[in-house]
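[1] Here is the input, now give the coordinates:
(2 chains)
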Amino acid sequence: MASNPVSKLTEDQYLAMERAAEFRSEFIDGEMFAMAGGTNRHSWIQRNLIMGLGLALEDGPCEPFGSDSRVKVSSRAYVYPDVTVVCGEHQPVDDDDDILIDPVAIFEVLSPSTEKYDRGLKFQLCRTIDTLRDYVLVNQEQVRVEQFTRQPNGTWTFRDYQGPDEELKIDSIGVTIPLRRIYRRVTNPPATN
Amino acid sequence: MASNPVSKLTEEEYLAIERAAEFRSEFVDGEMFAMAGASTSHLRLQQNLAGELYACFRGNRCEAFGSDCRIRVSGQAYVYADVAVACGPVMAGDQNDNLTNPVAIFEVLSPSTEKYDRGLKFQLYRTIDSLKDYVLVNQEQVRIEQFTRRPDGTWTLHDYQGSDAELKIDSIGVAIPLRRIYDRVSIPQATN
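    From the prediction side, this is the model:
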């Protein structure tokens, strides 16, 4: 039997299917990838981030969106980050108004099943978004946040924050959050040794 | 039945087992992890890198080691890098088989190790004070990601894409065109 090449979806086909779907899928190079659920620890961290950012950004031009927000990377890629911050007056992309563009900061809470993607291909894709200034990874198994910040020359500065007393500082959106707040209520993971 | 807690190995126990073993294992927090084999693309990338570095270093103070070179990160962690570079006196412990002062480390990414190479392994490497550059080589695209340590403790991520780009590593004084690193390596066609 001849091999059966998978037919690629167009952007329009993806959006039509996705808008009718009961679960979220990302779209990369013509293929759809279903999104998995998360642990409670993942939910706590995500909620702490959205609450902290929401409060800090309340009176300014920027605002955080959760993981139901679809972000357009290009016509070949759509993703659902755990938290997305956009700035400026909201401009709907189309009548459905269900696509975010021009994110300034993206946050991902790392999980065993998505860590490779979040550190690798997803970050590679997000680096192509011209407006993006900060890409932030939050570890679930240790109090550790890793921040990538775009520099004017096209490189990224990578910074580690460790322990509850450190403060994550995001100049692009003018926010400083102590790690203690990001990890509030997060129950301790089993010690590794 | 009661669950059977895995007993942790000490550094000395690991080294005794490892020095007698027929295959390599890394050691992280009391546990040993066997190293997998590699694809031909992986081997070519690794050899091309080591070969280019060998040529660059002829007559100077740096030298490149392949993936048989065990690196001591700390008493809790020993790893094997695809390529490690040390400059000046090579410090490798009493038995001269545990490198402790790498300046640059290269990992060729594989599906089974990419999470580790980008995540925990890089975390471990960041604790080695002598390390100045950590370089990730993609197998599925002509793309290299270079992390360079800065004086303030942060790192700069520099992307190199396409065979005309040139990987530049100031800490060891080399510049290598990606074309040479990817020589004979077949890259999957772009998907659309």
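
[2] State the distance from the most centrally placed residue in chain B to chain A.
    Nearest to the geometric centre of chain B sits B:A81, at 2.9 Å (C-alpha atoms, centre = their mean). Separation of B:A81 from chain A (C-beta to the nearest C-beta, to the nearest Å): 18 Å. C-beta: built from backbone N, CA, C; applies to glycine.

[3] what residues does chain A put near chain B?
    Within reach of chain B by C-beta under 8 Å from any C-beta of the partner chain, chain A has these residues: A:8, A:29-30, A:76, A:110, A:115-116, A:119-120, A:124, A:127, A:148, A:151, A:154-160, A:192-193.

[4] and residue 149, how many neighbours does it have?
    Unless you meant another one, I'm taking chain A. 21 (other C-beta atoms under 10 Å in any protein chain shown).

[5] hmm, I had chain B in mind actually
    Neighbours around B:R149, by other C-beta under 10 Å: 19.

[6] List phi and psi for the nearest residue to it once chain neighbours are set aside.
    Nearest non-adjacent residue to B:R149, counting by C-beta to C-beta, 6 or more residues apart in numbering or on different chains: B:K132, 5.1 Å away. The phi/psi pair for B:K132 (degrees, to the nearest 10) reads phi -110, psi -30.

[7] wait, doesn't B:K132 sit right on B:P102?
    No - if you go by C-beta atoms under 8 Å, B:K132 and B:P102 don't touch, sitting 9.1 Å apart.

[8] Neighbour count for these two, which is higher?
    Neighbour totals were compared for B:K132 and B:P102, and B:P102 leads with 26 against 21 (other C-beta under 10 Å).

[9] contacting residues for that one?
    B:I71, B:A81, B:A84, B:V85, B:A86, B:I128, B:S130, B:L131 (C-beta atoms under 8 Å, 6 or more residues apart in numbering or on different chains).

[10] I'd like the distance between it and chain A.
    Using C-beta to the nearest C-beta, one gets 19 Å for the distance from B:P102 to chain A.

[11] ok, the closest residue in space to that residue that isn't next to it in sequence - how many residues close by?
    Nearest non-adjacent residue to B:P102, counting by C-beta to C-beta, 6+ apart: B:A84, 4.5 Å away. Residues lying near B:A84 (other C-beta under 10 Å) number 26.

[12] any idea which helix or strand carries B:A84?
    B:A84 belongs to strand B:83-87 when elements are defined using DSSP states H and E.

[13] Pull the residues that contact that strand.
    Contacts with strand B:83-87, where a contact means C-beta under 8 Å, 6+ apart, come from B:46, B:49-50, B:53, B:57, B:61-67, B:69, B:71, B:99, B:101-106, B:130, B:172.

[14] Go through that strand and flag the buried ones.
    The neighbour-count check on strand B:83-87 (16 or more other C-beta atoms under 10 Å in any protein chain shown) flags B:V83, B:A84, B:V85, B:A86, B:C87 as buried.

[15] Now do the strands in the chain.
    Picking chain A for this. With strands called from DSSP state E, chain A shows them at A:25-28, A:31-34, A:62-65, A:71-74, A:77-79, A:83-87, A:105-109, A:134-138, A:144-150, A:156-162, A:167-170, A:175-178.

[16] sorry, should have said chain B
    Using DSSP E, strands in chain B cover B:25-28, B:31-34, B:62-65, B:70-74, B:77-80, B:83-87, B:102-108, B:133-137, B:143-149, B:155-161, B:166-169, B:174-177.

[17] elements contacting the second one?
    Okay, so that is strand B:31-34. helix B:11-20, strand B:25-28 (3 or more C-beta pairs under 8 Å, 6 or more residues apart in numbering or on different chains; DSSP states H and E).

[18] can you give me the end-to-end distance of stretch A:68-85?
    One end of stretch A:68-85 sits 13 Å from the other (C-alpha to C-alpha, to the nearest Å).

[19] where does it sit relative to the chain's centre, distance-wise?
    Relative to its chain's centre, stretch A:68-85 lies at 8 Å (C-alpha atoms, centre = their mean, to the nearest Å).

[20] residues in contact with the nearest residue to A:V93 once chain neighbours are set aside?
    Closest residue to A:V93 apart from its sequence neighbours, by C-beta to C-beta, 6+ apart: A:I99 at 4.5 Å. For A:I99, the contact set (C-beta under 8 Å, 6+ apart) comprises A:R70, A:V71, A:K72, A:Y78, A:V93.
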